[in-house]
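structural data only, the sequence is not supplied:
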C-alpha cells in the first residue's frame, strides 16, 4: 500500500489503519494478538487505540486495549519500530469517573494520561497522540446542535497545546491530532499553534461513513485548506453497513448473535441503534448488491473514493473479518454510483450523526 503523509508531520501511514477498541471486551488477548499479526502480514502497520478502550467503556476494561497491545510489543521485539502507533487522551469524563475525575481536562491530565499510556503500551514514544473529544462542549456522539448554555470549558486550547508541546519536546510524542472535532476547533488549534510556535495538529479522527457524512458539512474544507488529514472511523457504521442486520435487525430472535449492536444495550441507545440508521443502511446495502458488490466492499469503496479521507480505521473482532475488509480494499466507486449515493443522502440525510 502506498504510504500517505499525515498533515504537515513526518508520519507516513497506510491508507488502512487497524482500530483496536474491541480488544479486551469482544476480543480476548490471544485473538487480539492474532489480529495484530495478521495486520502486519497484510501490510497494515498503522494501529489506533485510546486510553479509555475497550468499548463499550467499563471501569473493569479501562486501559485494557493499550495493555494488550503493549504485551504484543513485548512478545515481538522489533515490531514497535515498524509500527505507527496512535492513541488518545480522553476528554472530559462524560460520566466515566474511572477515566478522569471532574468535568474538565487539564494540562496535568494530558501529561498524566500520556505517561500512563506509555506504560501500558510498553513504549517510549507515541507516534500520534490525539485528544479523543474536545474539552469544549460540542455537538458530537449523536448530538446535532451546539448549545452555548452547556459550555463548561475550563482549559483553553492554548493550554492544551502547551501541554502537548511539552510531550513533543520530551520525545514522548511525535505528532498530535484531534478527534470528534469541529471546524472551529481545528481552526483554533492550528491558529494558536502557528501564532505561538506550538505543535501543529496533523490529523482529525472523526466518524465518516455512508450513514454519517457530517465531515462534508464544512469540516472537509477546513481540513483541506489547513493541511490536516482525516482519519475516518466507523466506516462500516458499527456493522450496519456489512448487511448483517438487514434481515433480522439488532434485537430479537433474528438479530445476529455476537454482533456489537445486538450485544450491548448501551450501543443500541446511541446513534447506531436508531431505526433511521438501520433503514438507511438497508438502502445503501441494497444499492451495493444492485451494483454487484457486497455491502462491506461498497462501504469501504466509498471511503476509498473520497478525497477527504487519508486513512480509514477498520475495527474487527476476528482475523476473518480483518481479511474480508482488507480484501475489499482498493475498490472505488464510479461517479455515477457516487451520484446515486448523494441522492440517497438527500433523502435520508445523516441518520447516524
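Looks like it came in fine. Values in this document were obtained by computation on a predicted structure and should not be read as measured data.

for the stretch 251-353 of the chain, what spans make up the helices?
Counting by DSSP state H, counting those that start in this stretch, the stretch 251-353 of the chain has these helices, from start to end: 260-263, 265-268, 275-290, 295-305, 319-328, 335-348.

identify the bridge partners of the most centrally placed residue in the chain.
With the centre of the chain defined as its mean C-alpha position, the nearest residue by CA atoms, centre = their mean is residue 233, 3.6 Å away. Listed by DSSP bridges, the beta-bridge partners for residue 233 are residue 207.

gap between stretch 98-116 and the chain center?
Computed by CA atoms, centre = their mean, to the nearest Å, the separation of stretch 98-116 from the middle of its chain amounts to 20 Å.

only the buried residues of stretch 269-287, if you could.
For stretch 269-287, burial by neighbour count (16 or more other CB atoms under 10 Å) applies to 270-274, 277-278, 280-282, 284-285, 287. Any C-beta I mention is one placed from the backbone N, CA and C, and that applies to glycine too.

what comes into contact with that stretch?
141-142, 210-212, 237-238, 240-241, 243, 245-246, 249-250, 261, 267, 295, 298-299, 337, 340-341, 344, 348, 351-353 (CB atoms under 8 Å, 6 or more residues apart in numbering).

need the buried ones from those residues selected in PyMOL.
In PyMOL, this line selects whichever of the contacts of stretch 269-287 come out buried by 16+ other CB under 10 Å:
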select buried, resi 210+211+212+237+238+240+241+243+245+246+250+261+267+295+298+299+337+341+348+351+352+353
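
find the nearest non-adjacent residue to residue 159, please.
Distances taken as CB to CB, 6 or more residues apart in numbering put residue 107 closest to residue 159, at 5.3 Å, once the chain neighbours are dropped.

picking up where we left off before, got the helices of the stretch 251-353 of the chain as CSV, with distance to residue 174 columns?
Below are those laid out as CSV (distance: least, CB to CB, whole Å):
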stretch, distance to residue 174
helix 260-263, 32
helix 265-268, 33
helix 275-290, 36
helix 295-305, 25
helix 319-328, 26
helix 335-348, 35
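
among these, which is nearest residue 54?
Closest of the helices of the stretch 251-353 of the chain to residue 54 is helix 260-263, at 11.5 Å (criterion: CB to CB).

quick check: end-to-end length of stretch 245-254?
One end of stretch 245-254 sits 9 Å from the other (CA to CA, to the nearest Å).

going forward, the N-terminal residue is numbered 254.
Shifting the count to begin at 254 puts that one at stretch 498-507.

hey, where'd the strands end up in this protein?
In the chain, the segments counted as strands under DSSP state E are 257-258, 265-266, 269-272, 299-301, 337-342, 379-384, 426-432, 454-460, 482-486, 562-568.

residue contacts, the residue nearest to residue 412?
By CB under 8 Å, 6+ apart, the contact set of residue 360 is 408, 412, 413, 415, 416.

any idea how far it lies from residue 498?
Residue 360 is 43 Å from residue 498, where distance means CB to CB, to the nearest Å.

burial of the closest residue to residue 373 other than its chain neighbours, as a residue count?
Residue nearest to residue 373 in three dimensions, not counting chain neighbours: residue 319, with 3.9 Å by CB to CB, 6+ apart. For residue 319, the neighbour count with other CB atoms under 10 Å is 28.

list the contacts of residue 319.
Residue 319 sits in contact with 302, 303, 304, 306, 340, 370, 373, 374, where contact means CB under 8 Å, 6+ apart.

give me the number of residues near residue 335?
For residue 335, using other CB under 10 Å, the count is 9.

what about the residue nearest to it when sequence neighbours are not counted, neighbour count?
Closest residue in space to residue 335, ignoring its immediate chain neighbours: residue 298 at 5.8 Å, by CB to CB, 6+ apart. A total of 19 residues lie near residue 298 under the criterion other CB under 10 Å.

I'd say residue 298 and residue 265 touch.
No. Contact criterion CB atoms under 8 Å: residue 298 and residue 265 do not qualify, at 10.3 Å.

how deep is the nearest residue to residue 432 once chain neighbours are set aside tucked in, by neighbour count?
Spatial nearest neighbour of residue 432, chain neighbours left out: residue 458 (4.0 Å); criterion: CB to CB, 6+ apart. Here the count is done by other CB under 10 Å, and residue 458 has 27 residues near it.

and for residue 571?
Around residue 571 there are 16 residues (other CB under 10 Å).

any idea how far apart the tips of stretch 509-522 sit?
OK, stretch 509-522 end separation, CA to CA: 17 Å.

pull the distance from it to the chain's centre.
19 Å.

ok, back up a step: quick one: closest of the helices of the stretch 504-606 of the chain to residue 471.
Among these, helix 588-601 sits nearest to residue 471 (CB to CB), with 15.5 Å.

distance of the residue in the chain sticking out farthest from the centre from residue 555?
Distance from the C-alpha centroid of the chain, by CA atoms, centre = their mean, peaks at residue 506 (30.7 Å). Separation of residue 506 from residue 555 (CB to CB): 31 Å.
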